[in-house]
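Participant: sequence unknown, structure follows:
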């Protein structure tokens, strides 16, 4: 056995999409050590190169990719090539985007809706389709899907984003029961507000906002414990969970009272 093959057998392989975003970048650095081969995906190539250098300085072996995740054929080819060499041990499907209505009472532009659903919902499901057979054959693996506290109850400021996060939450929960007997863990992450350009662009208040480094620590610890769900911060998680179980009239009143319909940010009076 060659030195490279021996090293590969003793490394965990962690794939992170959307690694040039705030949470993805923080997760990459949290996982970076001499025992880890990081496969980092990101659209911003300069930022991706800088992140790769930082993770290598922490001791990790790093591979990078900027493949178009919404191109089904290109995604399949990339993942199949990875699995032919070393099926990732942990896959964090973190790439995503947001959109919101441009004015009160208006729906989001259809092109924006389609683009969001492609990356937030269809891409992680497509990734599972390609990765699960290889993980099942090996008898181990861990899939991590990034939902949101908006997955508990949709927000008027971000209807399609909320829908995509509710969808990936349900998908991940379903897969956990389906794949557990095959030795594959599945975790759904439901963050609240995490400081990032995407968070800053979202309309409405942002209570209990966390820095991405804190979020990454909590996510990594939850993955290591094979938690079914990682949701934070507690006060916002508790409050949004109640929105899902209270009568709709009360939930809608609370959403408006707390400013999460925030029509001012959408151009309203």
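Facilitator: That came through fine. Quantities reported herein were computed from a predicted structural model and do not represent experimental measurements.

Participant: Could you check the pLDDT of residue 205?
Facilitator: Note on residue 205: pLDDT of 71.

Participant: Was I right to think it contacts residue 261?
Facilitator: No: counting by CB atoms under 8 Å, residue 261 is not a contact partner of residue 205; they are 10.9 Å apart. In this view, the C-beta of every residue, glycine as well, is placed from N, C-alpha and C.

Participant: Comparing these two, which shows the higher neighbour count?
Facilitator: residue 261 (19 against 12; other CB atoms under 10 Å).

Participant: what about that one, which SS state?
Facilitator: Under DSSP: H, G, I helix; E, B strand; the rest coil, the three-state class of residue 261 is coil.

Participant: Same question for residue 37.
Facilitator: Under three-state DSSP, residue 37 comes out as strand.

Participant: Looking only at residue counts, what's the top helix in the chain?
Facilitator: Selection of the longest helix in the chain by residue count, based on DSSP state H, yields helix 159-179.

Participant: From the contact counts, what lies against whichever helix or strand comes after that one?
Facilitator: Next helix or strand after helix 159-179 toward the C-terminus (DSSP states H and E): strand 184-191. Here strand 184-191 touches helix 123-138, strand 141-146, helix 159-179, helix 212-224, strand 229-232, going by 3 or more CB pairs under 8 Å, 6 or more residues apart in numbering; DSSP states H and E.

Participant: Could you identify which of the ones you listed is most buried?
Facilitator: Per residue and on average, the most neighbours among the helices and strands packed on strand 184-191 fall to strand 141-146, with a mean of 25 (mean count of other CB atoms under 10 Å).

Participant: How far off centre is it?
Facilitator: 9 Å (CA atoms, centre = their mean, to the nearest Å).

Participant: average pLDDT across the longest helix of the chain?
Facilitator: 98.

Participant: What lies in contact with that helix?
Facilitator: Residues from elsewhere that reach helix 159-179 (CB atoms under 8 Å, 6 or more residues apart in numbering): 96, 98-101, 107-108, 112-113, 116-117, 120-121, 124-125, 128, 132, 135-136, 143, 145-148, 150-155, 185-188, 190, 228-229.

Participant: repeat that for 7 Å
Facilitator: 98-99, 108, 113, 116-117, 120-121, 124-125, 128, 132, 143, 145, 147-148, 150-151, 154-155, 186, 188, 190, 228 (CB atoms under 7 Å, 6 or more residues apart in numbering).

Participant: follow-up on the earlier one: out of the helices and strands packed on strand 184-191, which gets nearest to residue 54?
Facilitator: Among those, the nearest to residue 54 by CB to CB is helix 212-224 (12.8 Å).

Participant: Now do the same for the closest one: mean pLDDT, whole number.
Facilitator: On average, helix 212-224 scores 98.

Participant: same for that helix, what does it pack against?
Facilitator: Packing partners of helix 212-224 (3 or more CB pairs under 7 Å, 6 or more residues apart in numbering; DSSP states H and E): helix 22-31, strand 184-191, strand 229-232.

Participant: Off-centre distance for that helix?
Facilitator: Averaged over its C-alpha atoms, helix 212-224 has a centre that lies 12 Å from its chain's centre (CA atoms, centre = their mean).

Participant: hey, what's residue 40 bridged with?
Facilitator: Bridge pairing for residue 40 (DSSP bridges) gives the partners residue 16, residue 64.

Participant: how close does it get to residue 127?
Facilitator: 15 Å (CB to CB, to the nearest Å).

Participant: Kindly report the same for residue 156.
Facilitator: Applying CB to CB to residue 156 and residue 127 gives a distance of 30 Å.

Participant: Report the buried members of the contacts of helix 159-179.
Facilitator: 98-99, 108, 113, 116-117, 120-121, 124, 128, 132, 143, 145, 147-148, 150-151, 154-155, 186, 188, 190 (16 or more other CB atoms under 10 Å).

Participant: thinking again about what came up before, of all the helices and strands packed on strand 184-191, which one comes closest to residue 250?
Facilitator: Comparing those by CB to CB, helix 159-179 comes nearest, at 18.1 Å.

Participant: Touching, residue 89 and residue 10? I think so.
Facilitator: No: with contact defined as CB atoms under 7 Å, residue 89 does not count as touching residue 10 (11.8 Å).

Participant: Please identify which of these two sits among more neighbours.
Facilitator: Comparing residue 89 with residue 10 by other CB under 10 Å, the one with more neighbours is residue 89, at 17 against 8.
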